[in-house]
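[1] Give the three-dimensional model of this entry:
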Amino acid sequence: MAGNTSTGDPGTRVDMHVKVLDESVAKRAKDRGIDVLVYAPHFTRLPEIKRRAERFSDEELLVIPAREVFTGDWHSRRHLLAVGLSRPVPDFITFEGAMQEFERQNAVVLVPHPEFATVSLTGPEIHSNLRRLHGIEIYNAKLFPHQNGKARTVARETGLSGFGSSYAHLRRTVGEAWTQFDAEIRSETDLLEALRDGSPRRVLRRNGAGHRLRGLAEYAHLFWENTYEKFDRVFLSGTEPTHPTHVAYDGRFDDVTVRGAHRFS
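    Below you'll find the predicted structure:
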C-alpha cells in the first residue's frame, strides 16, 4: 500500500487506534484519505483481530492488528497499546507482567490517552517506564481540549514521540484524527520501525462542528462502556476471550493475573 495519493499529501496517514472494523468503516477510512488503520478492539483475542485485519486490508487500506491491554484491576486499570504482538496477551494481568510479555515479543508499546481518568498511565508512571515505551497519544478525538492538552504536556516533559487517533468506538468517528508519517507505511513492519525510530510525523485532525459532535458522541459512549453492570455481564464470568484464566492462554499468565480478574466463588 502506497502513501496517501488521494489527498495529494506526502507520506502516510495512519489512524492509530480504532475499535470498530467492517465494510462501512473501511469505506469511511478510504473516503477520508486514511491509508492505515491500527485495529485494537476490546475483549477480542489476537488471532481474531489478525483475521479481521487481513480481511479488510487491500491496495487502498492497510489494517494492522493491535491490542489495548487492560492491566491491573477494573478500578485502577492502566491501558497499554501494543503493536506487533506474535502471541495473545490477556487483560487484567499486572502492569509489570504485561510489560515483560511485550518485551519478550519485541512489541511496540504505546501510551493511549495519558492522564485520562483512572484508566491511563500518569505522568510519573510514564517517566518511570520511558525506556520501555515508544510513543504517547497527544490527540484523541474522544477527549476534550484540556484533556488532550495534558497529554501534550506529558509528551513534552518526557520527550516521547506523539501520535494521534480517532479512538473510534463508533463508525462515524473513523478518520477524525490521524498521524501523518513522512515515510511510506506499506506493512506492519514499516509502522513498527517508524514508531521505534521516532520517525518524523504530524498529528492532524478534522475541524468544525461535526468533529466536535462526533467527539461528544464518543465521550457519551464511554460512560456506557465503563459501567460496572457491563463489566459484570461480559467479563467477571471468566468466559470472556481475553480473560487471563481462559483456557486459550494455557495457564501462562496465572502468576501475574490480578485478584479482581478471577471468578467470584
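[2] Could I have the CA atoms of the lengthiest helix in the chain written out in CSV?
    Counting residues, the longest helix found in the chain (DSSP state H) is helix 209-225. Provided in CSV are the C-alpha atoms of helix 209-225 (Å, rounded to 0.1, in the frame of the first residue of the first chain):
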residue,chain,number,x,y,z
ALA,A,209,-18.9,21.4,14.5
GLY,A,210,-19.1,17.9,13.0
HIS,A,211,-15.8,16.9,14.5
ARG,A,212,-16.8,18.1,18.0
LEU,A,213,-20.2,16.4,17.8
ARG,A,214,-18.6,13.1,16.9
GLY,A,215,-16.2,13.5,19.8
LEU,A,216,-19.1,14.2,22.2
ALA,A,217,-20.9,11.1,20.9
GLU,A,218,-17.8,9.1,21.6
TYR,A,219,-17.5,10.5,25.1
ALA,A,220,-21.1,9.7,25.8
HIS,A,221,-20.5,6.1,24.6
LEU,A,222,-17.6,5.9,27.1
PHE,A,223,-20.0,6.0,30.1
TRP,A,224,-22.0,3.1,28.8
GLU,A,225,-18.8,1.2,28.0
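[3] That one - what's its average pLDDT?
    Averaging pLDDT along helix 209-225 yields 82.
[4] mind listing what's buried in that helix?
    214-215, 218, 222 (16 or more other Cβ atoms under 10 Å). No exception for glycine: its C-beta is placed from N, CA and C like everyone else's.
[5] now swap in stretch 68-81 and tell me
    68-72, 74, 77-81.
[6] Let me have those in JSON lines, extended by pLDDT, secondary structure and distance to residue 115.
    JSON lines is the format used below for the buried residues of stretch 68-81 (pLDDT from 0 to 100; DSSP: H, G, I helix; E, B strand; the rest coil; distance: Cβ to Cβ, whole Å):
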{"residue": "68", "pLDDT": "97", "secondary structure": "strand", "distance to residue 115": "16"}
{"residue": "69", "pLDDT": "97", "secondary structure": "strand", "distance to residue 115": "18"}
{"residue": "70", "pLDDT": "94", "secondary structure": "strand", "distance to residue 115": "17"}
{"residue": "71", "pLDDT": "95", "secondary structure": "strand", "distance to residue 115": "16"}
{"residue": "72", "pLDDT": "91", "secondary structure": "coil", "distance to residue 115": "16"}
{"residue": "74", "pLDDT": "78", "secondary structure": "helix", "distance to residue 115": "19"}
{"residue": "77", "pLDDT": "86", "secondary structure": "coil", "distance to residue 115": "14"}
{"residue": "78", "pLDDT": "94", "secondary structure": "strand", "distance to residue 115": "11"}
{"residue": "79", "pLDDT": "96", "secondary structure": "strand", "distance to residue 115": "12"}
{"residue": "80", "pLDDT": "98", "secondary structure": "strand", "distance to residue 115": "14"}
{"residue": "81", "pLDDT": "98", "secondary structure": "strand", "distance to residue 115": "15"}
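[7] so which pair among those is furthest apart in space?
    Pairwise distances across the buried residues of stretch 68-81 peak at 18.6 Å for 74 and 81 (criterion: Cβ to Cβ).
[8] what pairs with residue 62 across the strands?
    Beta-bridge pairing for residue 62 (DSSP bridges): residue 36.
[9] Tell me if residue 97 really is in a strand.
    No - counting by DSSP: H, G, I helix; E, B strand; the rest coil, residue 97 is located in no strand; its state is helix.
[10] Distance of it relative to residue 33?
    39 Å (Cβ to Cβ, to the nearest Å).
[11] One more: residue 78?
    For residue 78 relative to residue 33 (Cβ to Cβ), the value is 33 Å.
[12] Equivalent analysis for residue 98, please.
    In terms of Cβ to Cβ, residue 98 sits 34 Å off from residue 33.
[13] of the two, who's got more company?
    More neighbours surround residue 98 than the other of residue 98 and residue 33, with 25 against 16 (other Cβ atoms under 10 Å).
[14] and the more buried one, what does it touch?
    Applying Cβ atoms under 8 Å, 6 or more residues apart in numbering, we find residue 98 in contact with 69, 71, 80, 89, 256.
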